[in-house]
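>>> Okay, sequence plus prediction incoming.
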Amino acid sequence: MSLKNSLQERFRRFSEEALPGALGDVGEKIEHFRKRLDHLNCSLAERALPEDRKPRVRELSLSRKAERAGQKVVKLREKI
């Protein structure tokens, strides 16, 4: 068996046996990290928004979601 064939065989075995498991583990860790970052971002946004603006921001967010979902334009409440 030549060196080339030997290396090709080792690479093939590695790519079939070890690589898929390693990639799966990395994918899971990335997803876990992404969820932690999302949670941190939500927490920071919650702290940064003043209490008196939260209801208005919530309404705007729901209105945008409704528009994206294809619903009719939602009337926003006027600030009292």
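Nice, thanks for sending it over. Residues are numbered from 1 along each chain as shown.
>>> Now for K29, how many residues are close by?
10 (other C-beta atoms under 10 Å). Where you see a C-beta, it was placed from the backbone N, CA and C, and this is true even at glycine.
>>> separation between it and L23?
Distance of K29 to L23, given as C-beta to C-beta, to the nearest Å: 11 Å.
>>> what does A69 give?
Distance of A69 to L23, given as C-beta to C-beta: 35 Å.
>>> In terms of neighbours, single out the busier of those two.
The residue with more neighbours, out of A69 and L23 and counting by other C-beta under 10 Å, is L23; that gives 10 against 7.
>>> What separation do you get for the more buried one and R12?
Taken as C-beta to C-beta, the span from L23 to R12 is 16 Å.
>>> Name the spans of the chain whose pLDDT lies under the cut-off.
In the predicted model of the chain, residues 1, 72-80 satisfy pLDDT under 70.
>>> what helix or strand does the residue nearest to the spatial centre of the chain sit in?
The centre of the chain sits closest to R34, judged by C-alpha atoms, centre = their mean, with a distance of 5.5 Å. Element membership of R34, judged by DSSP states H and E, is helix 3-48.
>>> after that helix, next one along is what?
Next along the chain after helix 3-48, taking DSSP H and E as the criterion, comes helix 54-68.
>>> for that following helix, which positions count as buried?
Across helix 54-68, burial judged by 16 or more other C-beta atoms under 10 Å covers no residue at all.
>>> Helix 3-48 and that one, what's the angle between them?
130 degrees (axes from the mean of the first three to the mean of the last three C-alpha atoms, to 10 degrees).
>>> If you count contacts, what does helix 54-68 end up packed against?
Here helix 54-68 touches no other helix or strand, going by 3 or more C-beta pairs under 8 Å, 6 or more residues apart in numbering; DSSP states H and E.
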